[in-house]
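Asks: need a 3D model of the sequence below.
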Amino acid sequence: MKEKTSKTVVDVLAVIVIIGALLIMTGWIFGIEILKTPNLSWISTKFNTALSFLFSGILLLQLNKQMHSKNKEFNVFLTLFLSTSIFFLMFSMFLTMFFKIPLGVESLFLKDTIESSQTFYLGMPAIPTIVSFFVVVALTLATIFSTPVNFAYGGAVILVLSISSVIGYLFNIPLMYFFLPNIANPIAFNTAVLFIILGAGFVILQKHAVNKNKHSIDLDQVGFSNVIKMNSIMLLILVFSMMLFVRLHIEMFKSIDTEHQILSNKIVNLEQQIEFIKEVQAHHIEEVFPYESFLQKNEKIAITQNKS
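Replies: Predicted structure coming up:
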C-alpha cells in the first residue's frame, strides 16, 4: 500500500470511528436503543465507552496528520488531554469494578438504567474494552515522549480481542465475546466493531511510520521543558480528579436523600398501620362487648354535655 493511500485509509477509518461514537452517544441522549445495540437482548455500548471512542478516533486522526502539522504545541496538549481523559475514565471504572470503590464514573454523564440478560455491572464496560483503550493510550502517549512505538503491535492486540468478540456474537459463542456471568460484563457488539476499525487504523498507520519515528514529538524542540511536560499531565490529573470528587459527593448526597425518603415513607406506613390496628381493635370491641361499648359512648356524650 502506497504511503499516500495508507494515510487516506487511516483518515477514513478514524472518521468512521468518530461518527460511530457520535451515533451511540446520540442514542443515549435521545433514548434510541437501536443506536446503542443492534439486538436488545445484547448488552449495549456504554456512553463512557462511546466518549472514549470519540477521543480515540480524534487521536488516530491527529496522529495521522501530525507529521504535517506546524502547530506542534497544540498537538501536544490535544494528545495529552484526550489520552489522559480516556485513561482516567477507564481506570476509574476499573477501580469501581474490581475494588468496589464507588467513584460514580459509570454515571458521570448519563445513567444506565436498562439491564439485559448479559448485564452484571450497570454502566460498566467489559474488561477487553478497558484493556484495548489502555493500549490506545499507551500508543499515543509514547509518541509524545519520543518513545519508539510499533502501532501495528498495539493494533493487532485490539484486533484479536474485537474480532474474537464479533465471531462470538455471529456464532452465539458467549465465551468469545468475554461473557463471564456474575463476574463482568461482556464486550458489546458495537464496541467490538468500532475496535476492529480502530485497530485496523493503527496497523495501517504503521505502514508509513516504519523505522522513521515520524509520529513522535520532541517537546524540547517545540519549547517545552520536562517540568512543563509533567505539569501539563498533573494539571489534567487534577482537573479529572476534582470532577470525580464532586461526582462522588453528589452521589453520596443523593444516596443520603434517598435513604431519608425511604425512612420517612416507612414511618408514614407504620403510623398508618397503627391507626388501622386501632380501628380494627375498636371495631372488634364493639362486636364482642356491644353493651359496654354502648355505655362508654353514652358516658362520653354525658361528659361532653356537662362540660358545655
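
Asks: burial of residue 184, as a residue count?
Replies: Residue 184 has 19 neighbours, counted by other Cβ atoms under 10 Å. C-beta: built from backbone N, CA, C; applies to glycine.

Asks: same question, residue 142
Replies: As a burial measure, residue 142 scores 18 neighbours (other Cβ under 10 Å).

Asks: on the pLDDT front, check it for me.
Replies: What the model reports for residue 142 is a pLDDT of 84.

Asks: just checking, it touches residue 149?
Replies: Yes. In this structure, residue 142 is within contact of residue 149 by Cβ atoms under 8 Å, at 4.0 Å.

Asks: once you drop chain neighbours, what's closest to residue 35?
Replies: The shortest distance from residue 35 to any non-neighbouring residue, by Cβ to Cβ, 6 or more residues apart in numbering, is to residue 27 (2.8 Å).

Asks: then residue 13?
Replies: residue 201 (3.9 Å).

Asks: that neighbour sits in which helix or strand?
Replies: Assigned by DSSP states H and E, residue 201 belongs to helix 189-205.

Asks: report all helices and strands that that helix contacts.
Replies: If you count contacts as 3 or more Cβ pairs under 8 Å, 6 or more residues apart in numbering; DSSP states H and E, helix 189-205 packs onto helix 3-30, helix 47-65, helix 127-144, helix 151-170.

Asks: what would these look like in a markdown table with distance to residue 263?
Replies: Below are the helices and strands packed on helix 189-205 laid out as a markdown table (distance: least, Cβ to Cβ, whole Å):
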| stretch | distance to residue 263 |
| --- | --- |
| helix 3-30 | 33 |
| helix 47-65 | 32 |
| helix 127-144 | 37 |
| helix 151-170 | 45 |
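
Asks: would you mind finding the most buried of these?
Replies: Counting by mean count of other Cβ atoms under 10 Å, helix 47-65 has the highest mean neighbour count of these, with a mean of 24.

Asks: the inter-axis angle of the helix holding residue 201 versus helix 127-144?
Replies: Counting by axes from the mean of the first three to the mean of the last three Cα atoms, to 10 degrees, helix 189-205 lies at 30 degrees to helix 127-144.

Asks: hang on, the earlier thing: contacts only, for the residue nearest to residue 13.
Replies: Contacts of residue 201 were listed using Cβ atoms under 8 Å, 6 or more residues apart in numbering, and they are 10, 13-14, 17, 60, 155.

Asks: next one: residue 191
Replies: 45, 49, 53, 125-126, 129, 162, 165.

Asks: got the domain ranges for this protein?
Replies: 3-224, 260-307 (automatic domain parsing).

Asks: low-confidence ranges in the stretch 201-308 of the chain?
Replies: 208-260, 280-308 (pLDDT under 70).

Asks: what do you get if the cut-off is 50, keeping everything else the same?
Replies: 211-213, 219-220, 222-224, 227, 291 (pLDDT under 50).

Asks: okay, now the unreliable bits of the stretch 51-200 of the chain?
Replies: In the stretch 51-200 of the chain, no residues with pLDDT under 50.

Asks: tell me, how many residues neighbour residue 44?
Replies: 27.

Asks: am I right that it falls within a helix?
Replies: No. According to DSSP: H, G, I helix; E, B strand; the rest coil, the state of residue 44 is coil, so it is not within a helix.

Asks: list phi and psi for it.
Replies: phi -90, psi 160 (degrees, to the nearest 10).

Asks: surely it is in contact with residue 186?
Replies: No. In this structure residue 44 lies outside contact range of residue 186 using Cβ under 8 Å: 11.1 Å.

Asks: coming back round to it: got a markdown table for the contacts of residue 201, with distance to residue 35 too?
Replies: Supplementary listing: the contacts of residue 201 in a markdown table, determined by distance: Cβ to Cβ, whole Å:
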| residue | distance to residue 35 |
| --- | --- |
| 10 | 25 |
| 13 | 20 |
| 14 | 20 |
| 17 | 15 |
| 60 | 22 |
| 155 | 26 |
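
Asks: which of those lies closest to residue 136?
Replies: Checking these against residue 136 by Cβ to Cβ gives residue 60 as the nearest, at 8.3 Å.

Asks: for residue 172, see how far away the closest one is.
Replies: Here the criterion is Cβ to Cβ, to the nearest Å. By it, residue 60 lies 31 Å from residue 172.

Asks: again with residue 264
Replies: Distance from residue 264 to residue 172, by Cβ to Cβ: 48 Å.

Asks: repeat for residue 98
Replies: Distance of residue 98 to residue 172, computed by Cβ to Cβ: 28 Å.
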